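Student: predicted model and sequence below, questions to follow.
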Amino acid sequence: MSIIVITGTGTEIGKTVATSALAALTSAAGRTVAVLKPAQTGVATGEAGDADEVVRLAGPAVTGAELARYPEPLAPDTAARRAGLAPVRPADVAEAARKLAEEHDLVLVEGAGGLLVRFDEEGGTLADAAQLLGAPVLVVVPAGLGTLNSTALTAEALRARGIEQLGVVVGSWPDAPDLAARCNLTDLPKAAGAPLLGALPEGAGGLAPEAFRSAAPGWLAPALGGTWDAAEFTATAGA
């Protein structure tokens, strides 16, 4: 795989931290990696965006790229329209990812919000970009109550489009998980129809970069370059 698309089942669930962990593992293995943020919303000019955060956590060897930035924290289509700026289209995302893939071993395309958030007035989405690229999708999900439905809906949308789902990663595993979160470790792979490939601890993004890179292998499964074991984690932390 030279390109992986990373989406979530919603916002603020750990996509950027999960992307950072995957980038850190890839870079530590001696492979070159770039992260592409097609549409950065809610960040003003001059402020650090998600791609910048990935570079900060994963290391300066990682290449960060943005296609467009919109100041209001809204869906990209809405944010572009309100700002009077040109939208990002799926074809733009695919073209940029392919160019980065010519110079990097792995390109991570991090979406905004969920899989079907609109990029433009025609209704183009991250799913359309993944289709154009023929790239697999990694889905980042929350741990708690309600995650099974949103995970199943995302998986169904991927299957309907013939897009491969690599698996699911819990973006923020709580220090004190409740019953729903513990049960979800068993149920998430069923809802997704894809394996559970990692769980990042709550607050991982607040670690110092060196500590983040050192701990990252223990958060992601071997399929993503780490050492995390789904069966062991579920037996220990699940219900």
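Tutor: Looks like it came in fine.

Student: who's in contact with the residue nearest to A83 when sequence neighbours are not counted?
Tutor: Excluding the flanking residues, the one nearest A83 by Cβ to Cβ, 6 or more residues apart in numbering is Y70, at 5.1 Å. (Each C-beta comes from the backbone N, C-alpha and C, glycine too.) For Y70, the contact set (Cβ atoms under 8 Å, 6 or more residues apart in numbering) comprises A39, Q40, T41, G42, P76, A79, A80, R82, A83, L85.

Student: now the fourth one. Nearest residue, chain neighbours left out?
Tutor: Okay, so that is G42. Once flanking residues are discounted, G42 sits nearest to P73: 3.0 Å by Cβ to Cβ, 6+ apart.

Student: where does the one you found fall, secondary structure wise?
Tutor: In the assignment (DSSP states H and E), P73 maps to no helix and no strand.

Student: which stretches in this protein count as helices?
Tutor: 15-28, 50-58, 76-83, 90-101, 126-133, 147-160, 179-192, 209-215, 230-237 (DSSP state H).

Student: let me know the outermost residue of the chain.
Tutor: Distance from the centre of the chain peaks at G84, with 27.5 Å (Cα atoms, centre = their mean).

Student: burial of L179, as a residue count?
Tutor: For L179, the neighbour count with other Cβ atoms under 10 Å is 10.

Student: isn't it right up against T186?
Tutor: No: between L179 and T186 there is no contact under Cβ atoms under 8 Å: 12.0 Å.

Student: from T41, how far off is the residue nearest to G42?
Tutor: Distance of P73 to T41, computed by Cβ to Cβ, to the nearest Å: 6 Å.

Student: can you tell me how far the closest residue in space to R213 that isn't next to it in sequence sits from A191?
Tutor: Computed as Cβ to Cβ, 6+ apart, the closest residue to R213 that is not its neighbour in sequence is A24, at 4.7 Å. Per Cβ to Cβ, A24 is found 28 Å from A191.

Student: good, we can wrap up now.
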